[in-house]
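>>> Below: sequence and its predicted model.
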Amino acid sequence: MSNVKWAIDPAHSEVQFKVKHLMISTVTGNFTQFEGGIEQEGADFSNAKINFSANVASINTGNEQRDGHLKAADFFDAENHPNMVFASTSIEKKDDSNYLVHGDLTIRGISKPVVLTVEHTGIAKDPWGNEKAGFNLSGKLNRNDWNLSWNAPLEAGGVLVSEEVRLLAEIQLAKAN
């Protein structure tokens, strides 16, 4: 069976993160510039190879000052490390639509293994006959593993920004012709 290639449709996809602020509320951010795809072997996605890259300078949390700090050396160091990259290493099929995707996430030049929970939400044709596939992704990571460790202690205890970051993505792929 031949390989099938799919590319992210950025107009119909979003990549977000959520992190606790002051340990009492959650700040949501997203990356507005990203690309990637899947090379699929076989009838389902269990043997697929996944690649993804986000331009970290495209980070948007709705606050220009915070976004500037996140792009700076305290966090992503976008000037020296412009991209965050993910490459799958294996996929575990849980059932017809749920997978665990294992891969290496590289941020600031540091690669660490991560596991993402992925739901395949279906395949459909758009009005122009293009085949599309949908996926929901989620995962958690400790930002300190990638030296995104800036923080400030709080007077009452705890820290300004939690170490745990939740990743969420809604991805639509377009099948290559």
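Alright, I've got the coordinates.

>>> Give the buried residues for stretch 8-24.
Judged by neighbour count using 16 or more other CB atoms under 10 Å, the buried positions of stretch 8-24 are 8-9, 13, 15, 17, 19-20. For the C-beta atoms, the positions are set from N, CA and C on the backbone; glycine is no exception.

>>> And stretch 132-143, by the same measure?
Of the residues in stretch 132-143, 132-135, 137, 139, 141, 143 count as buried by neighbour count, 16+ other CB under 10 Å.

>>> Just the ones of these in strands?
Taking DSSP state E as the definition of strands, the buried residues of stretch 132-143 contribute 132-135, 137, 139, 141.

>>> of those residues, closest to K93?
F135 (13.5 Å; CB to CB).

>>> which ones are touching the closest residue to that closest one other than its chain neighbours?
Spatially, and ignoring its direct neighbours in sequence, F135 is nearest to I171 (4.6 Å; CB to CB, 6 or more residues apart in numbering). Contact analysis of I171 by CB atoms under 8 Å, 6 or more residues apart in numbering lists 8, 13, 15, 134-137.

>>> for stretch 50-67, how far is the first residue from the last?
28 Å (CA to CA, to the nearest Å).

>>> Kind regards, and thank you for your time.
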